[in-house]
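Just to be clear, the model below is a prediction. Sequence and coordinates:
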Amino acid sequence: MACSTHYEDLIDKYVEGLVTVEEKEILESHLKVCSDCRQEVEELQQIIRAAGSLGQVELPEDFTPTLMEKIRDLSYQQVSYKKTPSLLSFIRNIPSVFFDCFYYNKKAFIAVVGVFLVGIFLVSVYNQNNLGINFATKSTKDEAAYEIAPAEPDLLMMEGAGVSNGRQLESESASSVQQMSSADTSLKASSTQERTQKIIKNAHISIYVEKFDAKVDEIVKTVDELGGYIETSQIQEGKSADSPRRAYMALRIPQDKLNDALDKFKAMGRVTNLQISGENITDAYYDSDARIRNLVQQEERLLEILNMAKNVDEILRIESELNRVRTDIDLLRGQLTSWDKMVEMSLINVNLIEQEPSKEKVTTITLRELWQRAKQGFIAAINLSLNMLASLAEVVGALLPIALIIGIPYFIIKRLLNKKNKS
């Protein structure tokens, strides 16, 4: 029999009719799942019934001395009976072992289950709070890093290219300007009295918003209402689950509506950075315009000289100079067109950053959002439970070889010692 000595003692008391009601229930429950113990009880009951059916016999006078002498002789020759439990018997007794462990340790089992559930709840709350702390910390770090770092080079340096090209054209055309007549100089002087201011205005703004998708749509709608357009747009997803999304947008807004657009953008969320810059290109603009007029007059004179050319060599040299003048005219006119666009339509670089809803104000929540959050919480708890069970399985798998190495010899030695003591 591969059961504990506790059941052996209960079997003896059960057969003799000395067990209590509770012990009787325990043993009868055990006999339903243990065939060895059930067989032993039946054999003992048969022996008791057979012994009870025998009549009393008078013993001879020398029976007791003779019996004791034979017992002493057999005690030296007796060999302990070794019963090796088979693997099948051990497997059959596994349910009874688990049942006995649960029956005798109900309170401990309930305590373990309670601790497990409380642990799941605490870990879930900790992960949720930790997620919020990480999100806020990361947002603060991103904000600080963004304020320290310079503005986006690919968006803010686009405007400077036009001015530098104009100055380069100015230096390249200096030689041709020096060749203009005094009449051209007087024409330039008269035009400066009528010129208007040419100022390029740009802005850069960084905003932390709560409803990210809705704010992006609102910016697009605002640009259309003000008569502008989106030059470039990029939405960057977070690199991890707790990192915020970002939107980089380059917007063109009419210069007279620049302040209106900035006011609407500032009302969308928490502004962390706002830069407004202005560049006066009046002198460079009208200098380029004057050079264009001078080059047009030079083109007309070259055409007159071309008509008076007498040989091929003169024609080729005049056409080469004429081609250079026309190229300078096209470049300067293209520069003026670009400047007119920059002056008329201001550039606004918008950096939109997603943040968690504020906890300092009351926010509305719909039943659908409530259901979605409850669903997400339930799924998170199930996943956490499965992860804990997986971790527990890993620990059991790691300890199982050690338990087998130690438990099997211990079990065998204990059984041998019990049988020896009974003998």
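The structure has been received and is ready for your questions.

only C-alpha atoms for contact and neighbour calcs from this point on.
Noted.

got the residue ranges for the helices in the stretch 301-423 of the chain?
Counting by DSSP state H, counting those that start in this stretch, one finds helices in the stretch 301-423 of the chain at the ranges 312-344, 367-422.

Ok, the stretch 151-300 of the chain next?
With DSSP H, counting those that start in this stretch applied, the stretch 151-300 of the chain shows helices at 153-156, 158-172, 174-178, 182-192, 212-225, 258-266, 282-307, listed in chain order.

what about the closest residue in space to Gln234 that isn't next to it in sequence, distance to Gln298?
Nearest residue to Gln234 in three dimensions, chain neighbours excluded: Tyr248, at 5.1 Å (Cα to Cα, 6 or more residues apart in numbering). From Tyr248 over to Gln298 the distance is 47 Å, taken as Cα to Cα, to the nearest Å.

picking up where we left off before, compare the helices of the stretch 301-423 of the chain and report which one is nearest to Ser53.
Using Cα to Cα as the measure, helix 367-422 is the one of these that comes nearest Ser53, at 27.8 Å.

and that closest one, what does it pack onto?
For helix 367-422, the elements it packs on are helix 106-148, judged by 3 or more Cα pairs under 8 Å, 6 or more residues apart in numbering; DSSP states H and E.

For the protein, which residues score under the pLDDT cut-off?
Confidence mapping of the chain against pLDDT under 70 gives the ranges 1-2, 4, 54-57, 75-105, 119, 121, 123-194, 239-242, 357-364, 420-423.

Let's see that with 50 instead.
For the chain, the stretches with pLDDT under 50 are 1, 79-84, 131-133, 135-137, 139-141, 143-193, 360.

Please parse it into its domains.
What the record gives for the chain is the domain set 1-50+92-104, 150-354, 364-423, from automatic domain parsing.

Buried deepest among the helices of the stretch 301-423 of the chain, which one?
Highest mean neighbour count among these (mean count of other Cα atoms under 10 Å): helix 312-344, with a mean of 16.

Which residue, neighbours along the chain excluded, lies closest to Ile11?
Spatially, and ignoring its direct neighbours in sequence, Ile11 is nearest to Val41 (6.6 Å; Cα to Cα, 6+ apart).

no, scratch that, I was asking about Gln197
Nearest non-adjacent residue to Gln197, counting by Cα to Cα, 6+ apart: Thr282, 5.5 Å away.

what's near enough to touch the one you found?
By Cα atoms under 8 Å, 6 or more residues apart in numbering, Thr282 lies in contact with Thr196, Gln197, Lys198, Ile199.

Restricted to buried residues, select those residues in PyMOL.
In PyMOL, selecting the buried portion of the contacts of Thr282, with burial taken from 16 or more other Cα atoms under 10 Å, looks like this:
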select buried, resi 198+199
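
Could you list which of the contacts of Thr282 belong to strands?
The strands, defined by DSSP state E, take in Ile199 from those.

Quickly name whichever of the contacts of Thr282 is closest to Ile412.
Comparing those against Ile412 with Cα to Cα picks out Ile199 as the nearest, at 97.4 Å.

Bridge partners for the closest one, pull those for me.
Asn280 (DSSP bridges).

pretty sure it is touching Ala284, no?
No - judged on Cα atoms under 8 Å, Ile199 makes no contact with Ala284 at a distance of 11.0 Å.

What count of nearby residues applies to Tyr208?
22 (other Cα atoms under 10 Å).

okay but it is in contact with Ala267, surely?
No - applying Cα under 8 Å, one finds Tyr208 not in contact with Ala267, separated by 10.8 Å.

buried ones in stretch 263-283?
Along stretch 263-283, the positions that meet the burial threshold by neighbour count (16+ other Cα under 10 Å) are Phe265, Lys266, Met268, Gly269, Val271, Ile281, Thr282.

Tell me which two in those are the farthest apart.
Farthest-apart pair in the buried residues of stretch 263-283 is Gly269 and Thr282; separation 36.3 Å (Cα to Cα).

ok, back up a step: between Ile199 and Ala284, what contacts are shared?
Listed contacts common to Ile199 and Ala284 are nil; contacts here mean Cα under 8 Å, 6+ apart.

Going by neighbour count, which residues of whatever helix or strand the residue nearest to Ile11 lives in are buried?
According to DSSP states H and E, Val41 maps onto helix 35-53. Buried residues in helix 35-53, counting neighbours by 16+ other Cα under 10 Å, are found at Cys37, Arg38, Val41.

Name the nearest of the residues you listed relative to Ile71.
Ile71 has its nearest neighbour among the buried residues of helix 35-53 in Val41, at 26.7 Å by Cα to Cα.

number of nearby residues for Ser346?
Applying other Cα under 10 Å, I find that Ser346 has 22 neighbouring residues.

check contacts around it.
Contacts for Ser346 (Cα under 8 Å, 6+ apart) come out as Ile200, Lys201, Asn202, Ala203, Arg252, Ile253, Pro254, Gln255, Leu258.

hmm, try it at 10 Å
Ser346 is in contact with 199-203, 228, 251-258, 278, counting by Cα atoms under 10 Å, 6 or more residues apart in numbering.

repeat for Thr20
Counting by Cα under 10 Å, 6+ apart, Thr20 makes contact with Leu10, Lys13, Tyr14, Ile26.

Three-state assignment for the third one, please.
Under DSSP: H, G, I helix; E, B strand; the rest coil, Tyr14 falls in the helix class.

State the distance from it to Met308.
Distance from Tyr14 to Met308, counting by Cα to Cα: 141 Å.

likewise the last one?
As for Ile26, its distance to Met308 is 131 Å (criterion: Cα to Cα).

Between these two, which is the more surrounded one?
Neighbours were tallied for Ile26 and for Met308 using other Cα under 10 Å; the higher tally belongs to Ile26 (16 against 11).

CA-only coordinates of the host helix or strand of the more buried one in CSV, if you can.
Secondary structure assignment for Ile26, by DSSP H and E: helix 21-31. Extracted C-alpha coordinates of helix 21-31, given in CSV (Å, rounded to 0.1, in the frame of the first residue of the first chain):
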residue,chain,number,x,y,z
VAL,A,21,-17.7,10.0,12.6
GLU,A,22,-15.2,12.5,11.0
GLU,A,23,-12.5,9.9,10.7
LYS,A,24,-15.0,7.4,9.2
GLU,A,25,-16.0,10.0,6.5
ILE,A,26,-12.3,10.7,5.7
LEU,A,27,-11.4,7.0,5.4
GLU,A,28,-14.5,6.2,3.3
SER,A,29,-13.7,9.0,0.9
HIS,A,30,-10.1,7.7,0.7
LEU,A,31,-11.3,4.1,0.0
